[in-house]
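>>> sequence and predicted structure are below.
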Amino acid sequence: MDTDKLDMAIWDTDQRRVLALKNRVDMFAGDKEAKLLPPVPAPPLEHYDIVFLSFDDCGEPVLRVARTVRRSSETTFILLVSDRSSDLSPCFRPKIRPSGVLFRPVQVPQLGSLLNEVAEEIDRLTRSESDDVFIFKSEGASYRRPFRDILFFEASNKKVVLHTAGQEIGYYDSINNLEAILPPYFVRCHRSFIANSRNIQAMHGADMELRLNGGYRVPFSRSYREKIKQAMSNVDH
């Protein structure tokens, strides 16, 4: 994966500093400019390949954002940006798992080297774990999303829309073609919907809908009821 294909975001409460970092990151981003996260990001976040956490002190505000990033996606690479005098040890914990550190002033060669390493690692993971990753193209860009992060697919206006916690991506395909290639734990539940049975919390017959992780709801048809029950019973909890 080239660095200009990476989905990147930056968090820093210092406006001047965050724009300076964005200018450097965007040198490697091509048309996919890095997005700026708000001071208090609301979970769940949309998926990013990389999130830069820039700060002076690795205190609770930083840790709170880092936990939000990690809960939103297990596959996001978290990169820390701080001064050399900062104590970064509070950020190195299992629930955060940062993947690298950059020190201010951020040097372009060091930034480029780290981004290339992340891109290479994503390529390696895509090749070695292709059975666990859904790969598709939308509007000329290539995307990869772990199957475990996908909640459901929806047919809409001659497209299929992939739904994760906090993100929707549409691309050209048919729900029938998709049903034939997905892992068996993805179950057709409606003429226009395929749900990840591993993310189904409950089936509500009165409302004819499935309740998914994160509070999402999708409809199901009576003709698919038994098929859904079978898929849910096969899920390893």
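Right, received. Where do you want to start?
>>> C-alpha from now on. contacts and neighbour counts both.
Will do.
>>> could you point out where this protein is predicted with low confidence?
Across the chain, the ranges flagged by pLDDT under 70 are 1, 126-131, 236-237.
>>> show me where it has helices.
Chain-ordered helices for the chain, with DSSP state H as the definition, fall at 15-25, 60-72, 108-128, 175-181, 225-233.
>>> now the residue nearest to the spatial centre of the chain: closest residue in space that isn't a chain neighbour?
A centroid search over the chain (Cα atoms, centre = their mean) returns H47, at 2.5 Å, as the residue closest to the centre. Sequence neighbours aside, S73 is the residue nearest to H47 in space, at 6.4 Å (criterion: Cα to Cα, 6 or more residues apart in numbering).
>>> follow-up on the earlier one: the residue nearest to the centre of the chain is in contact with T76, isn't it?
Yes - between H47 and T76 there is a contact under Cα atoms under 8 Å: 7.4 Å.
>>> still on that earlier bit, what about the residue nearest to the centre of the chain, distance to H204?
Per Cα to Cα, to the nearest Å, H47 is found 29 Å from H204.
>>> same thing with S99?
Counting by Cα to Cα, the gap from S99 to H204 is 41 Å.
>>> same check on D173?
D173 is 29 Å from H204, by Cα to Cα.
>>> so what's the residue count around R198?
Using other Cα atoms under 10 Å, R198 has 23 other residues around it.
>>> quick check: it vs G215, distance?
R198 sits 14 Å away from G215, taking Cα to Cα as the criterion.
>>> for stretch 187-204, what is the distance to the chain centroid?
Chain-centre distance of stretch 187-204: 20 Å, with Cα atoms, centre = their mean, to the nearest Å.
>>> contacts for that stretch, please.
When contacts are defined by Cα atoms under 8 Å, 6 or more residues apart in numbering, stretch 187-204 is touched by residues 148, 150-156, 175, 179, 185-186, 209-213, 218-221, 224-225, 227-228, 231-232, 235-236.
>>> could you tell me the end-to-end distance of it?
Terminal residues of stretch 187-204 are spaced 16 Å apart (Cα to Cα).
>>> how does the chain divide into domains?
Per automatic domain parsing, the domain ranges recorded for the chain read 3-128, 133-233.
>>> what's the span of the last one from first residue to last?
Criterion Cα to Cα; first-to-last residue distance in domain 133-233 is 23 Å.
>>> how about the closest residue to D56 other than its chain neighbours, what does it touch?
Nearest non-adjacent residue to D56, counting by Cα to Cα, 6+ apart: S82, 5.9 Å away. Contact analysis of S82 by Cα under 8 Å, 6+ apart lists S54, F55, D56, D57, V101, L102, F103, R104.
>>> out of those residues, which is most surrounded?
S54 (25 neighbours).
>>> report the separation between that residue and L45.
For S54, the distance to L45 - Cα to Cα - is 17 Å.
>>> ok, now L80?
18 Å.
>>> neighbour count winner among the two?
L80 (21 against 18).
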